[in-house]
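# 3D, please:
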Amino acid sequence: MLKKKDPGLCILISYADANQGHLGDIYQAGNWIYTGVSARVPLFRDKSGKFIHDRACSVSGYKRQFGAVKKVPKRENLIRIDQLPKWRYFYALNDDMRKRILPLAKPYPKRAASETVDTPGDHSGKRGSTPTAALHSP
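Residues are numbered from 1 along each chain as shown. Next up is the predicted model:
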């Protein structure tokens, strides 16, 4: 659909937000190419609790947005919330672009392994695959 609508489009870029517990599982399942993480960009919160992206505030209280200078919240009046970087994925829409971005590929990030280091993969060591004694038939 994208190729038909915009034949010149050759790559998609998307991010999975680690701050929301996302890892990009859907991108991995779709064979997107993982290329690393984005820069850390802080989030801000005003006194009412509203979240404000870094692009929507400034030190001076003014910022150029969509070609016009607009009044925005001053960072000194906001609470800074440091964020984790986001996982970055690329999807090539043609073979030439795929060849160009493959050298950037890194192994997919994975979720933390087991609940504890000593838990075996089948979880039987933590009663995960064997019913508790009370549930066994006499």
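# Show me what the worst-scoring helix or strand of the chain on mean pLDDT is packed up against.
The helix or strand of the chain with the lowest confidence, counting by mean pLDDT, DSSP states H and E, is helix 2-5 at a mean of 82. Counting contacts by 3 or more Cβ pairs under 8 Å, 6 or more residues apart in numbering; DSSP states H and E, there are no secondary-structure elements packed against helix 2-5. (C-beta placed from N, C-alpha, C; glycine too.)
# Can you list the strands that the next helix or strand after it pairs with?
Of the helices and strands lying after helix 2-5 in sequence (DSSP states H and E), the nearest is strand 11-16. Its sheet considered, strand 11-16 pairs with strand 87-92 (antiparallel) by DSSP bridges.
# Just the buried residues of the very next helix or strand once past the partner strand, please?
Using DSSP H and E, the next helix or strand after strand 87-92 towards the C-terminus is helix 95-101. Using 16 or more other Cβ atoms under 10 Å as the test for burial, helix 95-101 gives 97, 98, 101.
# how near is the residue nearest to the first one when sequence neighbours are not counted to residue 58?
The shortest distance from residue 97 to any residue other than its chain neighbours is 4.4 Å, reached at residue 10 (Cβ to Cβ, 6 or more residues apart in numbering). Residue 10 sits 34 Å away from residue 58, taking Cβ to Cβ, to the nearest Å as the criterion.
# what's the answer for residue 46, then?
14 Å.
# And residue 2, by the same measure?
Taken as Cβ to Cβ, the spacing of residue 2 relative to residue 58 amounts to 34 Å.
# Between those two, tell me which one has more neighbours.
Between residue 2 and residue 58, counting by other Cβ atoms under 10 Å, residue 58 is the more crowded of the two (16 against 10).
# thought that one was touching residue 74?
Yes: with contact taken as Cβ atoms under 8 Å, residue 58 and residue 74 are classed as touching, separated by 7.0 Å.
# Give me the residue ranges of this protein where confidence is low.
Counting by pLDDT under 70, the chain has low-confidence residues at 114-138.
# now what about the least confident helix or strand of the chain, what contacts it?
Taking Cβ atoms under 8 Å, 6 or more residues apart in numbering as the criterion, the residues outside helix 2-5 that touch it are 9, 12, 93.
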